[in-house]
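> Sequence first, then the predicted structure:
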Amino acid sequence: MPVSIVLLSPGAENPSRIQHLVDSLAEMRQPDDPDLHFRHVDADLDEDALVEQCQDATALLVQTRNADLVALARRLPDLRLIQTYTAGTDWLDVQGLADAGITVADNGGANAIAVAEVAIALMLSVLHRLDQQFTSVQAGAWGRQVAGEGSDFMTLEGKHIGLVGLGRIGSRVARRLAGWECDLTFHDIADLDPDYVSETGARRVSFDELLATSDVVSLHTPLNRLTRHLVSDRELSLMQPESILVNTCRGAVVDEAALARALQEGSIMGAGLDVTDPEPIAPDSPLLQMDRVVITPHFAARARQSGVHGMRNILSNLLRVGRGEEPQHIVQPV
């Protein structure tokens, strides 16, 4: 009997997306694997209509923030899994879904390599003022619009890099910087396996020590009730005047008003942000006018390989659920 998988997203069905799921499944499905049947349901429907359309669903593959998924899940008797395309799940009520007996799984770090590379790129962009260099050349100024003397440009050689979070992304940043002649430290609330930590080359320190000793503080944490505004006035005051902050996780992990104050007052030197709060960033944000702040539009995860890895992880999970097994990449309530 086919296992019913509902792709829940707002608006009309995108046939190419369904076909991509089907084609990808055909490439990895084994003869004994269950038959997965995909269909799209418009997440903008009212709750009763959603219940009717999703009634037999074993899993919801969600791309929406519109529906009340907890209320919906409580009315779907066969539902076992809510699977996301994303690594971040701060937009889901994971605790409420757990209380309803529903497991939530993310994309298994499919975009971790891409985000790690962009985190390093943001470090380099701020230290070398690459954004100003690009703009100067495009404007025909050939460097005349780039602020600073030669001594204002810096390399990563000898820098202390502090990673807040040594999970899927933080660990990859560490491993990629291992040959860059940097000193790597990290802080994480998780009790990590010593062999795992050893492979990264990073040394565990307290959060405050990391802030006080790092030339670059790079954030790699999920957004939850413990990490919202994890970096605010107190934390920024501990950082060094020539340090920079890099954020590629979630915008609300940083108190942006506090960040703007710290930059204006010279408490820290610069920032590289792929995420902001809100998104898009407010057009009157003072961060947009600062010459040592590089901001990208939450594109760090975008890469062809991220899509390939994500599809593999998602379909593997759906097959596991179809076989009656526990899924992988489970998100725990915090």
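Arrived safely. Numbering: from 1, shown residues only.
> in stretch 148-155, what's buried?
residue 154 (16 or more other CB atoms under 10 Å). To be clear about C-beta, it is placed using only N, CA and C from the backbone, and glycine gets the same treatment.
> got a list of contacts for it?
127, 128, 129 (CB atoms under 8 Å, 6 or more residues apart in numbering).
> Name the nearest residue to the last one, ignoring sequence neighbours.
In this case it means residue 129. Distances taken as CB to CB, 6 or more residues apart in numbering place residue 146 nearest to residue 129, at 5.8 Å, with adjacent residues excluded.
> residues touching that neighbour, list them.
129, 132, 133, 136.
> Ranking by neighbours, what's the top pick from the residues you listed?
Of all these, the most densely surrounded is residue 129 (21 neighbours; neighbours counted as other CB atoms under 10 Å).
> How about the lowest-mean-pLDDT helix or strand in the chain, which residues are buried there?
Scoring the helices and strands of the chain by mean pLDDT, DSSP states H and E places helix 15-28 at the bottom, with a mean of 91. By neighbour count with 16+ other CB under 10 Å, helix 15-28 contains the buried residues 21, 24, 25.
> Strands of this structure, start to end?
For the chain, applying DSSP state E gives strands covering 3-9, 36-42, 59-62, 81-84, 103-105, 160-164, 183-187, 203-204, 216-219, 244-247, 270-273, 293-295.
> For the stretch 151-300 of the chain, just list every one of the helices.
Applying DSSP state H, counting those that start in this stretch to the stretch 151-300 of the chain gives helices spanning 168-177, 194-200, 207-213, 233-238, 256-265.
> now these in JSON lines, with mean neighbour count, mean pLDDT and distance to residue 323?
Shown next, in JSON lines, are those (neighbours: other CB atoms under 10 Å; pLDDT from 0 to 100; distance: least, CB to CB, whole Å):
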{"stretch": "helix 168-177", "mean neighbour count": "23", "mean pLDDT": "98", "distance to residue 323": "25"}
{"stretch": "helix 194-200", "mean neighbour count": "12", "mean pLDDT": "98", "distance to residue 323": "29"}
{"stretch": "helix 207-213", "mean neighbour count": "17", "mean pLDDT": "98", "distance to residue 323": "42"}
{"stretch": "helix 233-238", "mean neighbour count": "17", "mean pLDDT": "98", "distance to residue 323": "46"}
{"stretch": "helix 256-265", "mean neighbour count": "18", "mean pLDDT": "98", "distance to residue 323": "45"}
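> Adding distance to residue 113, write those out as TSV.
TSV is the format used below for the helices of the stretch 151-300 of the chain (distance: least, CB to CB, whole Å):
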stretch	distance to residue 113
helix 168-177	6
helix 194-200	14
helix 207-213	23
helix 233-238	28
helix 256-265	27
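> Residue 222: which of those helices is closest?
Comparing the helices of the stretch 151-300 of the chain by their distance to residue 222 (CB to CB), the top pick is helix 168-177, with 10.4 Å.
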